[in-house]
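S.K.: Need the 3D shape of this:
(one chain, ligands or ions: 2)
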Amino acid sequence: MSRIYDRSEQLFAEAKTLIPGGVNSPVRAFKSVGRNPVFIDRAEGAYLYDVDGNKYVDYVGSWGPMIVGHVHPEVSEALKAAIDRGTSYGAPTELESRLAKLVLEAFPAMDMVRMVNSGTEATMSALRLARGYTGRSKIVKFEGCYHGHADSLLIKAGSGALTLGVPTSPGVPANIANNTITAPYNDLETLKAIFAEAGDDIAAIIIEGVPGNMGVVPPAPGYLQGVRELTRQYGALMIVDEVMSGFRVDFGGAQTLYGVEPDLTCLGKIIGGGLPVGAYGGKAEIMEKVSPAGPIYQAGTLSGNPLAMTAGIITLEILKRPGTYAALDEKAAYLADGLAKAAEKAGVPVWTNRVGSMLTGFFTDKPVIDFASACTSDTAAFGTYFRAMLDRGVYLACSQFEAAFLSLAMTKEDLDFTIAAAEEAFQVVAAERAKA
Ligand SMILES: Cc1ncc(COP(=O)(O)O)c(C=O)c1O
Ligand SMILES: NCC(=O)CCC(=O)O
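M.R.: Numbering: from 1, shown residues only. Ligands and ions are numbered 1, 2, ... in the order given. I've put the predicted structure just below:
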């Protein structure tokens with residue numbers, strides 16, 4: 001391909017001398033796909049433009065938040081007006097209540113919500129609350145699920161931790177790791193056995209609404225209900241981490257889609273509309289324990305930031321309009337079908353999981369239902385596919401174990417462009433396999 005990446009290469013070489021690995025979040029470094037990252041200059045609608053002038057259809061969407069597309073005119077206009085009113089006060093504003101109302105309306109399981117600055121803060125704070133509320137220490141998380149980088153959650157974690165081969169990070173003290181029990185996802189029997197043994201010490205189960213951090217792996221029918229029953233039986237809380245799935249798979253997240261009512265919910269990504277926001281919320285009886293209403297401490301200098309609240313409010317108002325989720329689903333179904341046909345044509349077995357506008361094609365001929373089956377994927381083939389797609393103007397998440405996200409800004413032409421690129425990219429994979 002004739003694309004030039006010189007300026008990106010220069011900037012990355014410099015960044016590596018200034019920032020660990022040249023990036024401010026590990027997944028951005030393209031490390032597992034055998035090339036250097038491209039540096040982004042700007043974005044608009046469905047597209048990213050890099051510093052060498054290359055254009056891409058963007059399926060990363062800032063790892064989820066950009067569901068209405070980049071530089072959406074309504075979001076931009078509101079943000080510009082907000083900037084002139086001041087960027088931070090460290091004092092309450094009406095904007096915080098407006099975003100809270102939109103969130104609570106979307107998630108009936110939540111009576112109250114607290115805004116924070118990232119998904120990591122949301123899950124970390126929810127765990128503290130669950131432990132404070134129940135007076136218990138242990139938590140259960142699932143293999144391949146990622147909930148941000150708090151110590152107790154970096155155990156058998158997904159996303160970059162998995163991609164970069166450090167699912168359990170050095171630096172997490174053993175006495176913290178000991179309080180995290182991990183279980184295989186979509187396996188109720190093993191979970192029951194864990195509770196039979198340690199149920200009285202377990203404060204909470206934390207689970208991704210739709211796991212997207214080992215690639216997309218939907219919950220089996222009845223699985224979330226089973227988890228709900230088990231937690232009730234043992235007096236543990238069920239925390240659904242909808243940082244990725246919230247306002248993504250449905251306006252009311254995975255809990256609405258699958259009909260399950262958790263005790264606590266974590267949000268992030270989309271509720272910030274591309275600015276840094278996270279949130280956690282749940283039943284009033286539990287949330288009233290959070291400081292200053294209650295004794296469980298949690299705070300933040302920039303929490304409820306007026307710019308972030310503004311971007312979140314406008315984004316959710318756009319998403320609330322009739323037909324948005326049907327439109328996203330239709331686009332994603334069209335794309336998934338086109339990609340599957342392209343793979344088949346090239347004779348490359350791919351297993352596709354999709355929930356609404358998040359999807360992953362795994363380079364495996366086996367059904368992907370959990371972490372172990374996700375790991376049957378041929379990650380070298382994924383790397384080849386990723387590089388071929390990038391060279392053809394399609395920006396995918398740089399790991400087999402991530403989701404692709406669609407946005408409302410994508411047109412049928414964008415999807416057809418992507419499918420045409422994939423037809424060639426799968427042929428490149430097939431040719432490489434034939435050589436091996
Ligand atoms: C399900 C889930 N939870 C939590 C997080 C952490 O969010 P953040 O990166 O904003 O800290 C992420 C993504 O990073 C996520 O996908
Ligand atoms: N699945 C990966 C993420 O959701 C977060 C991106 C990051 O860690 O930078």
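S.K.: C-alpha only now, for contacts and for neighbours.
M.R.: Will do.
S.K.: Endpoint to endpoint, stretch 17-24 covers what distance?
M.R.: With Cα to Cα, to the nearest Å as the measure, stretch 17-24 spans 13 Å from end to end.
S.K.: Buried residues of that stretch, list them for me.
M.R.: Neighbour counts over stretch 17-24 (16 or more other Cα atoms under 10 Å) mark 21-22 as buried.
S.K.: do the same with stretch 248-259
M.R.: Within stretch 248-259, the residues scored as buried using 16+ other Cα under 10 Å are 248-256, 258.
S.K.: Might you enumerate the residues of the stretch 1-150 of the chain proximal to ligand 2?
M.R.: 25, 27, 63 (Cα under 6 Å from any ligand atom).
S.K.: same thing but 8 Å
M.R.: Neighbours of ligand 2 within the stretch 1-150 of the chain, by Cα under 8 Å from any ligand atom: 24-28, 62-64, 146, 148.
S.K.: Redo those as JSON lines? Include distance to ligand 1 and pLDDT.
M.R.: Shown next, in JSON lines, are these (distance: Cα to the nearest ligand atom, whole Å; pLDDT from 0 to 100):
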{"residue": "N24", "distance to ligand 1": "11", "pLDDT": "98"}
{"residue": "S25", "distance to ligand 1": "9", "pLDDT": "97"}
{"residue": "P26", "distance to ligand 1": "11", "pLDDT": "95"}
{"residue": "V27", "distance to ligand 1": "10", "pLDDT": "94"}
{"residue": "R28", "distance to ligand 1": "12", "pLDDT": "95"}
{"residue": "S62", "distance to ligand 1": "10", "pLDDT": "98"}
{"residue": "W63", "distance to ligand 1": "7", "pLDDT": "98"}
{"residue": "G64", "distance to ligand 1": "8", "pLDDT": "98"}
{"residue": "Y146", "distance to ligand 1": "6", "pLDDT": "96"}
{"residue": "G148", "distance to ligand 1": "4", "pLDDT": "97"}
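S.K.: Just the ones of those in strands?
M.R.: Among those, DSSP state E puts none in strands.
S.K.: Kindly format the C-alpha coordinates of the worst-scoring helix or strand of the chain on mean pLDDT as PDB.
M.R.: Lowest by mean pLDDT, DSSP states H and E among the helices and strands of the chain is helix 159-163, with a mean of 78. Extracted C-alpha coordinates of helix 159-163, given in PDB (Å, rounded to 0.1, in the frame of the first residue of the first chain):
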ATOM      1  CA  SER A 159      -8.000  -5.600  27.600                       C
ATOM      2  CA  GLY A 160      -4.400  -4.300  27.400                       C
ATOM      3  CA  ALA A 161      -3.500  -6.300  30.500                       C
ATOM      4  CA  LEU A 162      -4.300  -9.500  28.600                       C
ATOM      5  CA  THR A 163      -3.000  -8.300  25.200                       C
END
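S.K.: just how off-centre is it within its chain?
M.R.: Relative to its chain's centre, helix 159-163 lies at 12 Å (Cα atoms, centre = their mean, to the nearest Å).
S.K.: Are it and ligand 2 in contact anywhere?
M.R.: Yes. On the criterion Cα under 8 Å from any ligand atom, helix 159-163 is in touch with ligand 2 at 159-160.
S.K.: what does stretch 242-255 give?
M.R.: Yes. Residues of stretch 242-255 contacting ligand 2 under Cα under 8 Å from any ligand atom: M244.
S.K.: got a markdown table for the residues of the stretch 1-150 of the chain next to ligand 2, with distance to Q400 too?
M.R.: Below are these laid out as a markdown table (distance: Cα to Cα, whole Å):
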| residue | distance to Q400 |
| --- | --- |
| N24 | 20 |
| S25 | 17 |
| P26 | 15 |
| V27 | 11 |
| R28 | 14 |
| S62 | 17 |
| W63 | 14 |
| G64 | 16 |
| Y146 | 14 |
| G148 | 18 |
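S.K.: Quick one: classify E189 as helix, strand or coil.
M.R.: helix (DSSP: H, G, I helix; E, B strand; the rest coil).
S.K.: What distance do you get for it to A254?
M.R.: From E189 over to A254 the distance is 22 Å, taken as Cα to Cα.
S.K.: Kindly report the same for S25.
M.R.: As judged by Cα to Cα, S25 and A254 stand 26 Å apart.
S.K.: what mean pLDDT does stretch 119-132 have?
M.R.: In this model, stretch 119-132 has an average pLDDT of 98.
S.K.: how far is that stretch from where the chain is centred?
M.R.: For stretch 119-132, the distance to the chain centre is 17 Å (Cα atoms, centre = their mean).
S.K.: and if you look at stretch 339-354?
M.R.: Worked out by Cα atoms, centre = their mean, stretch 339-354 lies 23 Å from the chain centre.
S.K.: Do me a favour and get the end-to-end distance for that stretch?
M.R.: Stretch 339-354 has an end-to-end distance of 12 Å (Cα to Cα).
S.K.: got the contact list for that stretch?
M.R.: Residues outside stretch 339-354 that contact it (Cα atoms under 8 Å, 6 or more residues apart in numbering): 216-218, 336, 359-368, 419, 422-423, 426-427, 429-430.
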